[in-house]
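Asks: Build me a model from this:
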Amino acid sequence: MKTYLMIGASAFVLGAGSMAYVSQAAMAAAQPQAKTYRMLGLFGDVVKIIESQYVSEVDDTKLIQSGIDGMLTSLDPHSGYLDPESFDDMRDQTRGEYGGLGIEVTSEDGVVKVISPMDGTPAFRAGIKAGDYITAVNGESVLGLTVTEAVKQMRGKPGETVALTIAREKTDPFDVKLIREVIKPKSASARMEGDYGVLRVGAFNEKTTDEAEAAFVELKAKNPNIKGLILDLRNNPGGLLDQAVGISDLFLEGGEIVSQRGRDPRDVERYNARPGDMTGGLPLVVLINSGSASASEIVAGALQDRKRAELVGTTSFGKGSVQTVIPLRGGVDGALKLTTAKYYTPSGRSIQKTGIEPNLEVALTRDEAQIIANRAFQFSEASFKNALNADEGKVRRGAHQPAEAPPETFDAKKDFQITRATDVLRYGSVALTPKLPKPTARMAEVMSKARIAEAKPVAATPAQK
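Replies: Reported below is the predicted structural model:
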């Protein structure tokens, strides 16, 4: 009996200890939760003060939506809130058909910045360039607006004219007039460059893999003796992950294409290629530049790591994160675009901030060579203040003289990067391709952000109308 009492007493002591531990843990968990509730209450107090004391009446819905968007955009450059209208626009865009100007944009320090124009769109035809700043739309300043707000000003009915005020390095601000269109960019097309095919992939929407495969099959049927292929991913801002996997799969016989890893180290998802190379093993070169982002980098990294292709051009943008679109109440209240994972190439590389470096670095023009030599002008993921960190110890390559640039005697009407890509195919590899003399790049003039901020709409010159 005494023994049982001792056991019972011991059990009581252990139980009491457990209850004390649980109580402390609950208190510890309750403290940050209480802080969260207090801050949510603070948010409500601020909304009430604005409603009652702001100089003019406010739209409560817009106010709260802006607060949600601000919370998300503070996390990283690619997270954000999509109101119902923007959510519908995004779904149209991924389906490969929507209304607008055809510009992929982001926000940097309150300034709308162009990631890249899309092939065949009004922005592309007007000469809008990656790295341009849009400071006004139809004479109305967009400085300080969110990307969502700025995009709303640029979108509208097809056929209407839109004037964008552009700030570009080494030039005064200027206006470009564009006419809105229903954007139906053909995401893939193919053509011959001498004995070699060029497969241009300009975006990754729901149709990209099918369009790319069809374009190549048609090209091969017309040119059965094609000797090699150039996959042109320059200024491709990315898009759907499954389409990046699909394009990579067209050239690989198997093995990993990409993996994505979430917050939990055990949360790893891998995507593999299926047997079958649509080219039958043709030599392959991939063209990239600083406008090649996200899905483009998945393809370039996979083909480089798997030794299926060599890369020519300049270092890619460096967007190594995955965004998940989470509808709110079935999309009635819009959606969250939330960064939920990072992606990694088959060799385990995260290209976040660092980008994919080509096997042969080739600047498109002598001016671009100077930009590469001037870190101030390098537009990439690493230029965003709140970008996710790169892998520990990894940094994007700084200012340097690129390996190659067009010589002064090169025909400016030709594409120097395409020319060098065909050279690599002809000689069989980057290692065997004769190298050109390294260009001498001087430091370019620096356009400060202050100058951009001060930029005001100007009248278009006759040549720009």
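
Asks: Can you list the buried residues in stretch 217-227?
Replies: Burial within stretch 217-227, assessed by neighbour count using 16 or more other Cβ atoms under 10 Å, is assigned to 219-220, 226. Glycine gets a C-beta too; all of them are placed from N, C-alpha and C.

Asks: got those as a markdown table, with distance to Leu284, secondary structure and pLDDT columns?
Replies: A markdown table is the format used below for these (distance: Cβ to Cβ, whole Å; DSSP: H, G, I helix; E, B strand; the rest coil; pLDDT from 0 to 100):
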| residue | distance to Leu284 | secondary structure | pLDDT |
| --- | --- | --- | --- |
| Leu219 | 14 | helix | 98 |
| Lys220 | 14 | helix | 97 |
| Ile226 | 12 | coil | 98 |
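
Asks: and which of those residues is nearest to Ser116?
Replies: Leu219 (24.3 Å; Cβ to Cβ).

Asks: if I look at the nearest residue to that closest one once chain neighbours are set aside, how far off is Leu425?
Replies: Nearest residue to Leu219, sequence neighbours excluded (Cβ to Cβ, 6 or more residues apart in numbering): Ala190, at 4.1 Å. As judged by Cβ to Cβ, to the nearest Å, Ala190 and Leu425 stand 15 Å apart.

Asks: mind showing which ranges of this protein have poor pLDDT?
Replies: Residues of the chain that meet the criterion pLDDT under 70 lie in 1-31, 93, 95-98, 185, 375-378, 441-465.

Asks: Could you check which helix or strand contains Asp411?
Replies: Here Asp411 sits in a region with no helix or strand, counting by DSSP states H and E.

Asks: How many residues are close by it?
Replies: Residues lying near Asp411 (other Cβ atoms under 10 Å) number 9.

Asks: Let's verify the residue nearest to Leu219: helix, strand, or coil?
Replies: strand (DSSP: H, G, I helix; E, B strand; the rest coil).

Asks: ok, now Glu218?
Replies: Applying three-state DSSP: Glu218 is helix.

Asks: So which residues of the stretch 1-150 of the chain form strands?
Replies: 80-82, 98-100, 103-108, 111-117, 133-137, 140-141 (DSSP state E, counting those that start in this stretch).

Asks: I'd guessed the residue nearest to Leu219 sits against Gly197; true?
Replies: Yes: the pair Ala190 / Gly197 is scored as a contact, 6.0 Å apart, by Cβ atoms under 8 Å.

Asks: how much space between the residue nearest to Glu211 when sequence neighbours are not counted and Glu381?
Replies: In space, and not counting its chain neighbours, Glu211 is closest to Ala188: 4.0 Å by Cβ to Cβ, 6+ apart. Distance of Ala188 to Glu381, given as Cβ to Cβ: 25 Å.

Asks: With neighbour numbers in mind, choose between those two.
Replies: Set Ala188 next to Glu381 and count neighbours by other Cβ under 10 Å: Glu381 wins out with 28 against 25.

Asks: where do the contact lists of Ala190 and Gly197 overlap?
Replies: Jointly contacting Ala190 and Gly197 under the rule Cβ atoms under 8 Å, 6 or more residues apart in numbering are 216, 219.

Asks: Please, where are all the helices along the chain?
Replies: 2-53, 60-73, 84-95, 122-125, 147-154, 208-222, 241-249, 295-305, 366-372, 416-427, 449-454 (DSSP state H).

Asks: Pick the most buried one from the ones you listed.
Replies: Stretch with highest mean neighbour count among those: helix 295-305 (a mean of 27; mean count of other Cβ atoms under 10 Å).

Asks: Return the list of helices and strands in contact with it.
Replies: helix 241-249, strand 255-261, strand 284-288, strand 310-313 (3 or more Cβ pairs under 8 Å, 6 or more residues apart in numbering; DSSP states H and E).

Asks: which stretch among the ones you listed comes nearest Ile230?
Replies: Nearest of the helices and strands packed on helix 295-305 (Cβ to Cβ): strand 284-288, 5.1 Å.

Asks: Can I get the strands of the stretch 1-150 of the chain in TSV including distance to Thr73?
Replies: Shown next, in TSV, are these (distance: least, Cβ to Cβ, whole Å):
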stretch	distance to Thr73
strand 80-82	5
strand 98-100	21
strand 103-108	7
strand 111-117	13
strand 133-137	17
strand 140-141	19
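
Asks: Which of these sits closest to Lys170?
Replies: strand 133-137 (12.9 Å).

Asks: Measure how the closest one sits relative to strand 103-108, angle-wise.
Replies: Calculated by axes from the mean of the first three to the mean of the last three Cα atoms, to 10 degrees, strand 133-137 forms an angle of 100 degrees with strand 103-108.

Asks: So what are the sheet partners of strand 133-137 and their directions?
Replies: Next to strand 133-137 in the sheet, as set by DSSP bridges, lie strand 111-117 (antiparallel), strand 140-141 (antiparallel), strand 161-167 (antiparallel).

Asks: next one: phi and psi at the closest residue to Asp423 other than its chain neighbours?
Replies: Distance criterion Cβ to Cβ, 6+ apart; nearest residue to Asp423, sequence neighbours excluded, is Thr433 at 5.2 Å. Here is the backbone geometry of Thr433 (degrees, to the nearest 10): phi -80, psi 120.

Asks: my guess is Thr433 contacts Tyr427, does it?
Replies: Yes: counting by Cβ under 8 Å, Thr433 does reach Tyr427; the two are 4.4 Å apart.

Asks: Can you give me the distance of the residue nearest to Glu211 to Thr146?
Replies: 32 Å.

Asks: now swap in Gly428 and tell me
Replies: In terms of Cβ to Cβ, Gly428 sits 49 Å off from Thr146.

Asks: Would you mind telling me which of these two has the busier surroundings?
Replies: Thr146 (20 against 12).

Asks: contacting residues around the residue nearest to the more buried one when sequence neighbours are not counted?
Replies: Nearest residue to Thr146 in three dimensions, chain neighbours excluded: Asp69, at 5.6 Å (Cβ to Cβ, 6+ apart). By Cβ under 8 Å, 6+ apart, Asp69 lies in contact with 80-81, 146, 148.

Asks: mind running it again at 10 Å?
Replies: Under the criterion of Cβ atoms under 10 Å, 6 or more residues apart in numbering, the neighbours of Asp69 are 79-83, 86, 146-149, 334, 336-337.

Asks: and what of Gln243?
Replies: Contact analysis of Gln243 by Cβ under 10 Å, 6+ apart lists 94, 187, 201, 203-212, 295, 298-299.

Asks: make it 8 Å
Replies: Counting by Cβ under 8 Å, 6+ apart, the residues that Gln243 touches are 204-206, 208-209, 295.

Asks: how far away is it from Ala203?
Replies: Separation of Gln243 from Ala203 (Cβ to Cβ) stands at 9 Å.

Asks: which residues sit in contact with the residue nearest to Asp423?
Replies: So Thr433 contacts 360, 420, 423-424, 426-427 (Cβ under 8 Å, 6+ apart).
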